[in-house]
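Enquirer: based on what follows, work out the 3D shape:
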Amino acid sequence: MTIDATTSPQLARMEEVQDESQMVYNFIEWLGQHGMAICTTEDGLRGTRFFPVMESAEALLARYFGIDLNAVERERRAVLAAFQQTQAERASAA
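Expert: Residues are numbered from 1 along each chain as shown. All right, here's what the predicted structure looks like:
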């Protein structure tokens, strides 16, 4: 299925990067399964104290691919509303 980028640009972006995003997600999951985490420091890469990044894999991927998750949710709701409207119109016409 191809999403119309003019009406749902964030959903279209998600569709566009789906394969690459899945590979990165699988790697993040693999890290966790092997006791590793994505970390940050207060002093950049040369810091000596590391802290796990407390952001979900979904949020990290969205940030990496430049996707606004709030806009994605709005677009999903709009697509669902349009689908429901179409179904209601078809049902009333029958």
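
Enquirer: please point out which parts of the lengthiest helix in the chain sit buried.
Expert: Ranked by number of residues, the top helix in the chain under DSSP state H is helix 69-93. Neighbour-count burial for helix 69-93, counted by 16 or more other C-beta atoms under 10 Å, picks out 72, 75. C-betas here are computed from N, CA, C, even on glycine.

Enquirer: what comes into contact with that helix?
Expert: 7-11, 14, 58-59, 62 (C-beta atoms under 8 Å, 6 or more residues apart in numbering).

Enquirer: 10 Å instead, please
Expert: Identification of contacts with helix 69-93 by C-beta atoms under 10 Å, 6 or more residues apart in numbering yields 3-4, 7-14, 56, 58-59, 61-63, 68.

Enquirer: give the buried subset of these as a ChimeraX selection command.
Expert: In ChimeraX, this line selects whichever of the contacts of helix 69-93 come out buried by 16+ other C-beta under 10 Å:
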select :3,8,9,10,11,12,13,14,61,62
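
Enquirer: contact partners for residue 65?
Expert: 13-14, 16-18, 20-21, 24.
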